[in-house]
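Undergrad: the following comprises the amino acid sequence and a computationally predicted model.
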Amino acid sequence: PLLFVDEIHRFNRAQQDGFLPYVENGTVTLVGATTENPSFELNSALLSRCKVFVMHSLDAPALESIIERAESLLQRKLPLAPEARATLIELADGDGRYLINLMESVFDLCKPDETLDTAALLKIVQQRAPVYDKDREGHYNLISALHKSLRGSDTDAALYWAARMLQGGEDPLYLLRRLTRFAMEDISLADPAALQMAIAAWDTYERLGSPEGELAIAELVIYLGCAPKSNSAYTAWGAARKAAREYGSLMPPAHILNAPTKLMKELGYGKNYAYDHDAPDAFSGQNYFPDKMPRRQFYKPPERGFEREINKRLAYWDKLRRQRAEEDSGSSGTRRGRKKPPAPEEQAPS
């Protein structure tokens, strides 16, 4: 027997398990149909015993063949001008069932011997809202498309996906939250103003609402798409978190600990701490990592956007750090005197 189950995703996990013994021993051949992603809606045991066929939206030639078959069945032509016929196919948006409904409306409402142009067609049929399920797969597919379009600096594609989401009924505040996340993760310090723009757009939308506030979302999408991209802060934070897990609960070096009590002073807290503002170039070069942990470089900015300037600063401080280390090793424990200020060309980048 062939067991066909329409909308199989409506069965809960326990009910889906009820199919398993009969599918395994061949009592039935199970065919399930669903509009949802079976990876999410079917349990793994049942899914592993099935073959998945993905049904895609119909393209224009396939929709045209449906029209021709309807005309052959009814033995009359669809009373539409060529451009109106093309518009009807566009309105169907890849859905053959919806196309048949549109054709029925045209046949029922069109007067005898009348041929409709595009304007007349749009008066008797309603334009279909874009297919978008904001609670399920379509929601995640479109936000993924928007995010990756922005990451690829394709501003026009990003605008399209943002418009698709808003027209499909997506919550604008969700969109703004994800765009703000993008500003931090994929632009970051390459353009620090990106985060400010995101917060400003969020605030503007909350003040204006739709539809006026949606222009702020569009402007934010354009800004983020055109901004230089960097994930250096994102990767640096991940590397720092990993190091924190690896090295456990190491104490900070004693010289940077406060010593508010006599006992803490006797234990060496704060001893030999160098106040950076009193050091040449306001940079002491002392160690701030735990004594048992080697120095690590988590933040590695690229040569893009504002991070070019940050790179100059980091390189300058690394140079001073090496110089201080060489001076300390050569002083044999004697106290280092104040160094002469560097030449103008060696000044720290602003």
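TA: Arrived safely.
Undergrad: next, residue 6: phi, psi?
TA: Note on residue 6: its backbone torsions stand at phi -80, psi 150 [degrees, to the nearest 10].
Undergrad: my bad, residue 33
TA: Main-chain torsions, residue 33, degrees, to the nearest 10: phi -120, psi 140.
Undergrad: looks like it contacts residue 10 (just checking).
TA: No: assessed by CB atoms under 8 Å, residue 33 is found out of contact with residue 10, at 11.0 Å. Glycine gets a C-beta too; all of them are placed from N, C-alpha and C.
Undergrad: quick one: the strands in this protein?
TA: With DSSP state E as the criterion, the chain has strands at 2-6, 29-33.
Undergrad: need those in a markdown table (columns: mean pLDDT, mean neighbour count and distance to residue 330).
TA: Shown next, in a markdown table, are those (pLDDT from 0 to 100; neighbours: other CB atoms under 10 Å; distance: least, CB to CB, whole Å):
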| stretch | mean pLDDT | mean neighbour count | distance to residue 330 |
| --- | --- | --- | --- |
| strand 2-6 | 93 | 11 | 82 |
| strand 29-33 | 92 | 15 | 78 |
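Undergrad: for residue 277, find the nearest of these.
TA: strand 29-33 (70.9 Å; CB to CB).
Undergrad: so where's the stretch 201-350 of the chain uncertain?
TA: 331-350 (pLDDT under 70).
Undergrad: just the helices from it, written as ranges.
TA: Under the criterion DSSP state H, counting those that start in this stretch, the stretch 201-350 of the chain contains helices at 214-226, 232-247, 262-266, 307-330.
Undergrad: and among those helices, the most buried is which?
TA: helix 214-226 (a mean of 19; mean count of other CB atoms under 10 Å).
Undergrad: which elements pack onto that one?
TA: Helices and strands touching helix 214-226, by 3 or more CB pairs under 8 Å, 6 or more residues apart in numbering; DSSP states H and E, are helix 137-151, helix 155-167, helix 172-182, helix 193-208.
Undergrad: list the contacts of the residue nearest the centre of the chain.
TA: The residue lying closest to the centre of the chain (CA atoms, centre = their mean) is residue 147, at 3.8 Å. Taking CB atoms under 8 Å, 6 or more residues apart in numbering, we find residue 147 in contact with 178, 182, 186.
Undergrad: please convert those to a markdown table, extending it with pLDDT.
TA: Output for these, formatted as a markdown table (pLDDT from 0 to 100):
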| residue | pLDDT |
| --- | --- |
| 178 | 95 |
| 182 | 96 |
| 186 | 95 |
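Undergrad: which one of those residues is nearest residue 209?
TA: residue 178 (18.9 Å).
Undergrad: let's have the helices of the stretch 201-350 of the chain in TSV, adding distance to residue 161.
TA: What follows is these, written out as TSV (distance: least, CB to CB, whole Å):
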stretch	distance to residue 161
helix 214-226	9
helix 232-247	22
helix 262-266	57
helix 307-330	27
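Undergrad: now the contacts of residue 147 in CSV, with distance to residue 104 and neighbour count?
TA: Below are the contacts of residue 147 laid out as CSV (distance: CB to CB, whole Å; neighbours: other CB atoms under 10 Å):
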residue, distance to residue 104, neighbour count
178, 40, 16
182, 44, 25
186, 48, 20
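Undergrad: circling back: output the helices and strands packed on helix 214-226 as TSV; include the columns distance to residue 114.
TA: Listed next are these as TSV, based on distance: least, CB to CB, whole Å:
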stretch	distance to residue 114
helix 137-151	38
helix 155-167	32
helix 172-182	42
helix 193-208	45
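Undergrad: pick out the shakiest of those helices, pLDDT-wise.
TA: Ranked by mean pLDDT, these bottom out at helix 137-151, which scores a mean of 87.
Undergrad: so how far is it off the chain centroid?
TA: With CA atoms, centre = their mean, to the nearest Å as the basis, helix 137-151 stands 6 Å off its chain's centre.
Undergrad: tell me what angle it forms with helix 172-182.
TA: Put simply, helix 137-151 runs at 40 degrees to helix 172-182, going by axes from the mean of the first three to the mean of the last three CA atoms, to 10 degrees.
Undergrad: could you give the angle of helix 137-151 to helix 214-226?
TA: 50 degrees.
Undergrad: flag every buried residue along helix 137-151.
TA: By neighbour count with 16 or more other CB atoms under 10 Å, helix 137-151 contains the buried residues 138-139, 142-143, 145-147, 149-151.
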